[in-house]
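>>> Provided below are the primary sequence and the corresponding predicted coordinates.
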Amino acid sequence: MSEEYEYQREVEELEGKSATAARLFDVRRIIGGLFVVYGILVTIAGITASDADLKKAENININLWTGLSMLVVGLLFLLWLKLRPTAAPHTAPEPRQEGPGPVPRRDADEG
Amino acid sequence: MHYLAEGLRLPTNALDYSILILYFVVVLGVGFAARASVKTSLDFFLSGRSLPAWVTGLAFVAANLGALEILGMAANGAQYGVYTVHWYWVGAIPAMVFLGLVMMPFYYGSKVRSVPEFLLHRYGPSSHLLSSIIFSIASVLIAGVNLYAMAIVVEALLGWPQWVAIVVAGLFVLVYITLGGLSSAIYNEVLQFFVILAALIPLTVVGLKRVGGWSGLSDSLTESHGANFTSAWGGTGIGSDNPLGANWLTIVLGLGFCLSFGYWTTNFAEVQRALSAKNLSAAQRTPLIAAFPKIFIPLIVVVPGLIALVVEPGIGTEKSGLQYNDAIPLLMRDLLPNGVLGVAVTGLLAAFMAGMAANVSSFNTVFTNDIWRAYVKKGRPDAHYLLTGRVVTAIGVLCGMGTAFIASSFSNIMNYLQTLFSFFNVPLFCVFIIGMFWKRATAAAGFWGLLAGTVAAMINYFWLYKGGVISIPSDQGANFVSAIVAFVVGGVVMVGVTPFTKPKPVESLAGLVYGTTSPGLAEPPAAGDEAWYRKPALLGWGAIVLAALCYVPFSL
């Protein structure tokens, strides 16, 4: 049996050494940031839209609406990140801290 | 492969290009920033099995939402009408739910790192090696076809020479995956998902206004193409004629069961996203979370295809010079002003790159893990496999770029090869499902079932259908029938071979077959996972019910 499950032990060991949980940045920051910048750019295009632009898009100021929506989505992602920051990773036993310290907490947050 | 019409050049300006360049910068930034998180091979290939479910779920749907899929499904919309929704509601959702609820405990719980690796433990080396090699070749090839398709679209829309597009997109994908591994592939997929929504939603809104809303659209189509064109099931009785060339039975069994379950549950480019989730609950929820956006994607992909047909009634005919595949680029040109146009171009390019990145990131995992580590260089330290993964990524992308250049002269062969590989997933699913529920199924049965099913599908498609021995009205219809043939033959061969060959000892199947659990694998649920909206069963059945309800307005 032990032979067969060798690979599982190996995966567990690698999971223990994995750095992704501790070091990978939060993707919400990237989505939020990019959408805020895109939102601003496209909203400006909407505010300064020419008659030809409006006519092309069936008289909808599509740049304005899209820009504002993207801005809102971007801000919502940043807000979500602020309200529920990345769960503190259950840190690997680095140089053991003596005495009672804050217990690494694994937040139950975004699923 | 179709050449886009000359007249599709988009009136892009500096603003559009700024939006596009900004995206490329961010994509590279994600790669560089994710590099710090790659310490082990598990980080590189599976993000250390540590990502939250919403990230893996959106990556799961985005990995499928490549540009070929977007352009292709809009084209199907223009060609076949509302029937195209079958690819979503019957041809994706049930399989995604099945993957999450039934299969994921075996995949994730057994700690395999790839789909072929499951075959190794359940059956043995022969079926493992066969599926690993076929998957690797198919991934590189499809990555190349994807790149080539992108080059054609970019040439038509932006006027870049084909080789520039192939080299630029290929190198960006190479750099960000080599640096950050699966994490940067997944993060960029999530980002691409939102950008493509930001591109397609405005396009659909303006397009609908152009044709007088949904009622205007369906009135025009009913007038020009008949009532069945805007219904999902009209004219699909057995023996009756419809544009799809398929009846309700081949739609449900061929597309909805065989093709769809084969693709969604055994295609490692998809399953890999779920295997990178942080625990079993998150892995199960990955395809279930993905199912909800998938239900609504036809609204912004198939509907533009229908709109294009009203705006440009000649599309798909010789006279107009426009192909069905041009549906979305055509609407972009006609309806979007600069600004949103830049977002749309960015979304399309992002979708091409993400589609390719999904192939590359699953290829490097299968090649390193299932071929190199299993058969070529065993038992090396982890750093060796991490390095191999990076080198193989570079080689894979370069081969893909080579394939793209070759594809430009042999595009018909490429189409055939793609069809050929699409048949491989169906018997693979058959072998998986029998192996998961029938302890007795033997290693030999797995191998022969896989081989026989694949060969049977090819015989049916290339000889019986293409050779004119049996008559099926369209390629799509023939695809569905071939998938059913592959599944049935694969299953029959497995059942036939099993009694005459030696079963695997029961104790070596723990955690791989229904009714067993691996030793020491009963993972306690993470805090917060008992919330009702995180219950896999509720999410899964909710998606099924919602997909069924979506059929109602198109079936009455």
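Sure, I can see it.
>>> I'd like the secondary structure assignment at the residue in chain B that chain A sits nearest to, please.
Closest approach of chain B to chain A (C-beta to the nearest C-beta) occurs at B:G528, with a separation of 2.6 Å. For glycine as for every other residue, the C-beta is placed from the backbone atoms N, C-alpha and C. Following DSSP: H, G, I helix; E, B strand; the rest coil, B:G528 is assigned to coil.
>>> how near is it to B:E155?
49 Å (C-beta to C-beta, to the nearest Å).
>>> Settle it for me: which of these two has more neighbours?
B:E155 (20 against 15; other C-beta atoms under 10 Å in any protein chain shown).
>>> where does the more buried one land on pLDDT?
At B:E155, the model reports a pLDDT of 87.
>>> again, but for the one 10 residues further on
B:A165 is assigned a pLDDT of 90 by the prediction.
>>> And for B:S518?
pLDDT, B:S518: 60.
>>> What of B:V173?
93.
>>> pretty sure it is in contact with B:M356, am I right?
Yes: when contacts are counted by C-beta atoms under 8 Å, B:V173 is listed as touching B:M356 (5.4 Å).
>>> Model confidence score at B:M414, please.
Among the per-residue scores, B:M414 holds a pLDDT of 61.
>>> And B:L147, by the same measure?
Confidence at B:L147, expressed as pLDDT, is 89.
>>> phi, psi of the most centrally placed residue in chain B?
Taking C-alpha atoms, centre = their mean, the centroid of chain B lies closest to B:N64, which sits 3.6 Å from it. Main-chain torsions, B:N64, degrees, to the nearest 10: phi -90, psi -20.
>>> got a list of what it touches?
B:270, B:294 (C-beta atoms under 8 Å, 6 or more residues apart in numbering or on different chains).
>>> so the residue of chain B closest to chain A touches B:R534, yeah?
Yes: between B:G528 and B:R534 there is a contact under C-beta under 8 Å: 7.4 Å.
>>> what's near enough to touch residue 72?
The chain I'm using is chain A. A:G39.
>>> my bad, the chain I had in mind was chain B
Contacts of B:G72 (C-beta under 8 Å, 6+ apart): B:N325.
>>> So it: helix, strand or coil?
B:G72 carries the three-state label helix when classified by three-state DSSP.
>>> Would you quantify the distance from it to B:V481?
20 Å.
>>> same thing with A:P85?
Distance from A:P85 to B:V481, by C-beta to C-beta: 53 Å.
>>> Out of these two, name the residue with the larger neighbour count.
Per other C-beta under 10 Å, whichever of A:P85 and B:V481 has more neighbours is B:V481, with 23 against 12.
>>> element containing that one?
Taking DSSP states H and E as the criterion, B:V481 maps to helix B:475-497.
>>> Flag every buried residue along the helix or strand that comes right after that helix.
Moving toward the C-terminus from helix B:475-497, the next helix or strand (DSSP H and E) is helix B:536-551. Buried residues in helix B:536-551, counted by 16 or more other C-beta atoms under 10 Å in any protein chain shown: B:536, B:539-540, B:542-544, B:547, B:550.
>>> tell me the mean pLDDT over helix B:536-551?
92.
>>> same for that helix, what does it pack against?
helix B:86-89, helix B:93-98, helix B:280-311 (3 or more C-beta pairs under 8 Å, 6 or more residues apart in numbering or on different chains; DSSP states H and E).
>>> Report the angle between it and helix B:280-311.
Using axes from the mean of the first three to the mean of the last three C-alpha atoms, to 10 degrees, the direction of helix B:536-551 lies 10 degrees away from that of helix B:280-311.
>>> outside of helix B:536-551, which residues touch it?
B:85, B:88-90, B:93-94, B:96-97, B:100-101, B:232-233, B:281, B:284-285, B:288-289, B:291-292, B:295, B:532-533.
>>> Mind putting the buried residues of helix B:536-551 into a markdown table with distance to B:R380?
Formatted as a markdown table, the buried residues of helix B:536-551 follow (distance: C-beta to C-beta, whole Å):
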| residue | distance to B:R380 |
| --- | --- |
| B:P536 | 37 |
| B:L539 | 40 |
| B:G540 | 40 |
| B:G542 | 46 |
| B:A543 | 43 |
| B:I544 | 45 |
| B:A547 | 46 |
| B:C550 | 50 |
